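Enquirer: What shape does this take:
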Amino acid sequence: MLLTKFFTAKLKESKGNIVNVSCDKGSRPEAGTLAYCMSKAGLDMLTKTTALELAAYGVRVNGVAPCMIEESNMYKVTGYSQAEFERLKTRAKNNIPLQKLCCDEDAAKAIIFLSSEKACNITGHIMKVDGAKSLTSRGQQVWYGYKFMSRKFEQEP
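Expert: Below you'll find the predicted structure:
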């Protein structure tokens, strides 16, 4: 409690704000990724609850939830070859209405905006940086493991 008061006072004094980085899996579950989805959903709820609690102190708390990051290491550590990873990215792009994966710069721009005075009345918001993927149901099929990636996303043309 004392530590919370200290940090809250410092944030209020500096007109600071908090921007958590989540993922689209915080609101779009995917079979086979239980722990990851739970951690992102928990982070989203932490963002919203903290925003509510710190609003009285003038502190804003928001989140950024990008879709698959173009140069992510997440999928590389699962045992994919570079060719498999490139095919996965192609299929993922085809399942995003804007046909573009997120890049580091896209997520950074959202963080900068939410940290700026232009967002002075925004708190408790999870900003999706996903090329409108969250507006569709494409690509949400049962996960059978990397050996069956052709089942995960719609087929390439």
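Enquirer: What lies in contact with the longest helix along the chain?
Expert: Longest helix of the chain, by residue count under DSSP state H: helix 34-54. Helix 34-54 has contacts (CB atoms under 8 Å, 6 or more residues apart in numbering) with 8, 11, 18, 20, 22-23, 25-27, 29-30, 60-63, 65, 123-126. Any C-beta I mention is one placed from the backbone N, CA and C, and that applies to glycine too.
Enquirer: Report the buried residues of it.
Expert: 37, 40-41, 43-44, 47-48, 50-51, 54 (16 or more other CB atoms under 10 Å).
Enquirer: Return the set of buried residues in stretch 118-128.
Expert: 119, 122-128.
Enquirer: what number of residues lie near the nearest residue to residue 47 once chain neighbours are set aside?
Expert: In space, and not counting its chain neighbours, residue 47 is closest to residue 63: 4.2 Å by CB to CB, 6 or more residues apart in numbering. Number of residues near residue 63 (other CB atoms under 10 Å) recorded here: 28.
Enquirer: which ones are touching residue 63?
Expert: So residue 63 contacts 19-22, 43-44, 47, 125-127 (CB under 8 Å, 6+ apart).
Enquirer: Thank you kindly, that will do.
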